[in-house]
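**Q** here is my input; please provide its structure:
(chains A and B)
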Amino acid sequence: MKYFSLCVALFLISCGKSISPVDSGLENKIFHFGNGSEPQGLDPHIVTGVPEHHLITALCEGLVIANPKGGPNLPGVAQSWSVSEDGRVYTFNLNPQAKWSNGDDVTAQDFVWSWMRILTPSLGSQYPDMLYYIKNAAAYHMEEISNFSEVGVKAIDKKTLEVTLEQPYSFFIKLLSHYSTYAVHKDTVLAHGTIDDRNGEWTRPGNFVCNGPMQLKSWELNKKIVVEKNPFYWDIDKVQLNEMHFYPVSNESTEDRMFRAGQLHVTNVVPQEKCPVYLRENNPYLRIDPYVGTYFYRINTLNPVLKDKRVRKALSMSINRKQIVENVSQCGQKAAYSFTPPGISGYEPDTAIPFSPEEAKALLGEAGFPNGEGFPKLEILFNTQEGHRKIALAVQQMWQQYLGIQVELVNTDWKVYLSREMIGDFQISRAGWIGDYEDPNTFLDLMRPNRGNNKTGWDNYEYDALIELANSQQDEVKRYEILNKAEKILIDEMPVIPIYTYVRQYQLSSDVQGWDPNPTDTHHPKFVSLER
Amino acid sequence: MLQLIIKRLLVAIPVLIIVASLTFFLVRLAPGGPFDSEKAVSPQVLKNLNEAYNLNAPLYEQYTDYMTNALVGDFGPSFRYPGRSVSEMILTGLPVTLELAFYAIIFASILGLLAGIVAAVKKNTALDYIPMAIAMLGICMPTFLLGPLLVLVFGINLEWMPVSGWDSLPGDKVLPAITLGAAYAAYIARLSRGGMLETLNQDYIRTARAKGLSEFKVVMVHAIRGGLIPVLAFLGPAIAGLIGGSFVVETIFQIPGLGRFYVEAAFNRDYTMILGTTIFFSALIIFFNLLSDIAVAIFNPQART
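**A** Reported below is the predicted structural model:
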């Protein structure tokens, strides 16, 4: 027993303090990145999540890259571009130095082939609609045409790409920083499968070829993915990091402890219960950045009671959003009075949702439910997560108090929640939407009739026509004016109840430089460095 | 002995088939599908995805295809992780989970047996009450509480141990092994105490003492053989439980084991991954139970039928 205790003690002491990854990372220029969950994969045409977004931003590059400080996209593979007078034809001049990580030239034909790939129906990509703005792209994906040469993308020469749109979508350049529009290396993809092979092994270390500032070094499932500087990257002089290590830490508390122990430079999130504490303590590592996302409640407008817009407005006007962000979510979120987050690409929605229990009560009375009498019990559907439950509890309490109606909370597993939302088996459901690119269209398009993500049954054709009209405008000011009109209709009709605008809350080591807040939370590795 | 092994193996086949069949149909009955996501999937895309994974075929056809392939060890591609096969993912996570379980059971056995034997020999003294009270605490304390507590003390406050990881930093296997093994150590302590107490009252022990053997020899040579039978019987299911139940510890310590794949597969409705891991864990449980029965049979001749 004595010897055993001695051995344990010696072992523990021998483990003593060792240099932390953050400290050694400073010397070796290795960035340790808390990346949420294990990525589905690295094929930009297949994957859909945020962890994948972080990795693909490091490994690949599109025609343009997101601006690290927010605002207009910056040149990526395309060093410049021009737009025809009618706003429909974009000509991209590719950087002569742009190369794949195996040294091959990145060509215009690579983009043509890659866009054909993502639009190939049998690939089963979940993001083909990002390219639907291109002439005949939707028709090709829907198998209405079979000849890809009819799609509005062609290689004029090795380094010139011409894209023809269905109509002059002025936000087209903005969506090109999304990874689904990136090119993939044709020979590598085809060496490991066919054009529509979802399960090809071309994304494995040793096989993977892409054109970003980093290249894939190793991938240990559920442990970490290591990427290293790509010597063939066209802007290699700007890249200061030697390696980035991405850790799939799905448990928020574990990630928090890893950060505190110096194992991570940046975390994916801050545990919800810790955020108010860190705010109170003025934790110097806590970062709360703006984010293009809205937390809202979806209303099933096909429900006999909820189809009355007075009821929907009453529900919305009796929610005290300020109280929710200050006392419930408590992590710097902003109360939302529009569906589109304010300030996105200079767009300021001119809408208001007053917190007015009296007016709400009156509206409910007009709808035939004075003091909530006769109002059937409402259900709020949400997926299992403490944050959603707390907000639902607050809303339940407000509706019961101000409107006198009974509200039941329905807490389900994520997939059950999604499936119920999809088939319309809900009355009110919690929802969130993070913009794919920095433009109000990524939000307002959602609520058009027949959009898969609308899910409310609300089909307002005046709204639809306004969005269509806005999309055809080349003048940004005029376009935003029209979008504002559409937004007003949306808020007046209230098929969705905006609650708050998301923020990105995470912890960042003070060693990290060049990590600027930006609304799409895109941090291109070439702008990031480590210094103390 | 051989008869026992053959009998157990023959029973294992229908058990595995029943487990696989039940799992196959139950996961398909669960609401939600593998391709549901917050960004709605258009009907066209869903159709293409279902075609890509043979989910549009009639259910009986999917079932027969799956079972035929599973028989030769092909559990199909993961729905969640395109480009990865279920077998590959199991084989990636398994060595880690086995290693973690191994360290945990070694820790549990050493600590549990020491405490149990000492408690039995020093019955009704402080050396009995204290370890048994700690054992009771160990049984009651869930891993999701013990793990973070150990991390806070040894990882963050004392900075002796890494707070997470596996094979990345020196000493990163210590805290997970202790966390996972603690509850089992407690069980083993209680079981070995009970077994030893019963054995120490047997006539042959009295005879051994009457022969003038030292107390150490009586305990470690004669009593231990009979006293440890309950522990041996417990070890088989315990190892299987350690392997199947390491999810929490793997999550707390960021360990790339099989448990995380298993639980996440259920949340993601990754049908093939759920099936593959369920069949695999079932086979492991059967295997370790068999090992445990063999060990008991070796120590206790009465159990050899």
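**Q** residue 140: how many residues sit nearby?
**A** This is for chain A. When neighbours are counted by other Cβ atoms under 10 Å in any protein chain shown, A:Y140 registers 24. Any C-beta I mention is one placed from the backbone N, CA and C, and that applies to glycine too.
**Q** wait, I meant chain B there
**A** Burial of B:C140, expressed as a neighbour count using other Cβ under 10 Å, amounts to 10.
**Q** any idea how far chain A is from it?
**A** In this structure, B:C140 and chain A are 21 Å apart, going by Cβ to the nearest Cβ, to the nearest Å.
**Q** can you pull out the helices in the stretch 101-250 of chain B?
**A** Using DSSP state H, counting those that start in this stretch, the helices of the stretch 101-250 of chain B run over residues B:126-140, B:143-150, B:174-200, B:203-210, B:215-217, B:224-227, B:229-244, B:247-252.
**Q** dump the ones you listed into JSON lines; add distance to A:G200 and mean pLDDT as well.
**A** Rendered in JSON lines, the data for the helices of the stretch 101-250 of chain B read as follows (distance: least, Cβ to Cβ, whole Å; pLDDT from 0 to 100):
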{"stretch": "helix B:126-140", "distance to A:G200": "49", "mean pLDDT": "85"}
{"stretch": "helix B:143-150", "distance to A:G200": "39", "mean pLDDT": "91"}
{"stretch": "helix B:174-200", "distance to A:G200": "35", "mean pLDDT": "91"}
{"stretch": "helix B:203-210", "distance to A:G200": "67", "mean pLDDT": "87"}
{"stretch": "helix B:215-217", "distance to A:G200": "65", "mean pLDDT": "85"}
{"stretch": "helix B:224-227", "distance to A:G200": "58", "mean pLDDT": "83"}
{"stretch": "helix B:229-244", "distance to A:G200": "32", "mean pLDDT": "83"}
{"stretch": "helix B:247-252", "distance to A:G200": "29", "mean pLDDT": "90"}
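**Q** to A:G25, which of these lies closest?
**A** Put simply, out of the helices of the stretch 101-250 of chain B the one that sits nearest A:G25 is helix B:174-200, at 22.5 Å, with distance taken as Cβ to Cβ.
**Q** quick check, pLDDT for the residue lying closest to A:P357 once chain neighbours are set aside.
**A** Nearest in space to A:P357, with sequence neighbours left out and distances taken as Cβ to Cβ, 6 or more residues apart in numbering or on different chains, is A:Y402 at 3.9 Å. Among the per-residue scores, A:Y402 shows a pLDDT of 96.
**Q** what of B:G245?
**A** Model confidence at B:G245 (pLDDT) stands at 73.
**Q** what is the neighbour count of it?
**A** A count of nearby residues for B:G245, using other Cβ under 10 Å, gives 18.
**Q** ok, the residue nearest the centre of chain A to A:P341 distance?
**A** Most central residue of chain A, judged by C-alpha distance to the mean C-alpha position with Cα atoms, centre = their mean, is A:I434 at 4.4 Å. If you measure A:I434 against A:P341 using Cβ to Cβ, to the nearest Å, the figure is 10 Å.
**Q** B:K39 reaches A:Q126, doesn't it?
**A** Yes: look at B:K39 against A:Q126 with Cβ atoms under 8 Å: they come within range, at 6.8 Å.
**Q** for these two, indicate the residue with more neighbours.
**A** Using other Cβ under 10 Å, the more surrounded residue of B:K39 and A:Q126 is A:Q126, with 23 against 15.
**Q** could you pull out the strands for the stretch 51-200 of chain A?
**A** Here the stretch 51-200 of chain A has its strands, by DSSP state E, counting those that start in this stretch, at A:64-65, A:74-75, A:78-83, A:89-94, A:153-157, A:160-164.
**Q** now do A:A394 against A:E326, distance only.
**A** Counting by Cβ to Cβ, the gap from A:A394 to A:E326 is 11 Å.
**Q** give me the more crowded residue out of the two.
**A** When neighbours are counted by other Cβ under 10 Å, A:A394 comes out ahead of the other of A:A394 and A:E326, with 18 against 12.
**Q** give me the element that one is part of.
**A** Counting by DSSP states H and E, the element that carries A:A394 is helix A:386-403.
**Q** show me what that helix is in contact with.
**A** Judged by Cβ atoms under 8 Å, 6 or more residues apart in numbering or on different chains, the contacts made with helix A:386-403 from elsewhere in the structure are A:272-273, A:295, A:297, A:314-315, A:318-320, A:323-324, A:327-329, A:357, A:360-361, A:364, A:372, A:375, A:378, A:380, A:382, A:405-407, A:409, A:411, A:430, A:499.
**Q** alright, I will stop here.
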